[in-house]
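*Asks:* Please find the sequence and the predicted model below.
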Amino acid sequence: MILRLRRTIVIEDVTMGELWMDNVRFCWTLEDPIREQVNEQGWFWRPEFKVPQNTAIPSGRYPVEVTWSHRFQRPMPLIRDVPNFSGIRIHGGNDVDDTEGCPLIARQRDISSGRIWNTAGLVDRLVSRIEAAPHCTIEVTNP
């Protein structure tokens, strides 16, 4: 299974987008600011771009697995092999104060306030779909 996190809106310190599953939009996303740079070859990442707990993960393709989260005390999707990041989970939340580099997911959003909400049961649905697939990756793209 391939998840696609399409970043579509960048507003100061908020990055908003969509999470797609099986070519259907699954939910809205919210992340910290994109700190990658862009040149004539496209987006690129360097470790010095990272601001700890205040940076969206670099665009790219990463394996995803469901593992136990000590922080959330339940199984959660973990995005693996992200350069210069660790412990990146897909989880619910409302604004950039909830991210610490992780993509947040929700059913509703307000672009003007940079907030998302209505997350009940959404992570459980995502976990079920990931666990049912033989393997899962996430493709993260910038606007």
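*Replies:* Sure thing, it's come through.
*Asks:* Can you report phi and psi for the spatially most central residue of the chain?
*Replies:* For the chain, residue 103 is the residue whose C-alpha lies nearest the centre (Cα atoms, centre = their mean; 2.6 Å). In this entry, residue 103 is assigned phi and psi values of phi -70, psi 130 (degrees, to the nearest 10).
*Asks:* Model confidence score at it, please.
*Replies:* What the model reports as pLDDT for residue 103 is 98.
*Asks:* show me what contacts it?
*Replies:* Under the criterion of Cβ atoms under 8 Å, 6 or more residues apart in numbering, the contact partners of residue 103 comprise 5, 19, 29-31, 56-57, 79, 88, 90. C-beta here means a position set from N, CA and C on the backbone, and glycine is covered the same way.
*Asks:* Help me confirm that residue 119 comes into contact with residue 98.
*Replies:* No - look at residue 119 against residue 98 with Cβ atoms under 8 Å: they stay out of range, at 10.0 Å.
*Asks:* shared neighbours of these two, which are they?
*Replies:* Counting by Cβ under 8 Å, 6+ apart, the common neighbours of residue 119 and residue 98 are residue 104.
*Asks:* Who has more neighbours out of the two?
*Replies:* Applying other Cβ atoms under 10 Å to residue 119 and residue 98 shows that residue 119 carries more neighbours, namely 19 against 15.
*Asks:* what are the phi and psi angles of the more buried one?
*Replies:* Dihedral angles (degrees, to the nearest 10) for residue 119: phi -110, psi -10.
*Asks:* Kindly provide the distance from it to residue 1.
*Replies:* Using Cβ to Cβ, to the nearest Å, one obtains 21 Å as the distance from residue 119 to residue 1.
*Asks:* how many other residues sit next to residue 34?
*Replies:* Neighbour count for residue 34, taken as other Cβ under 10 Å: 21.
*Asks:* ok, now which ones touch it?
*Replies:* Applying Cβ under 8 Å, 6+ apart, one finds that residue 34 lies in contact with 7, 10, 15, 56, 59, 142.
*Asks:* mind checking the SS state of it?
*Replies:* Secondary structure of residue 34, reduced to three states by DSSP: H, G, I helix; E, B strand; the rest coil: coil.
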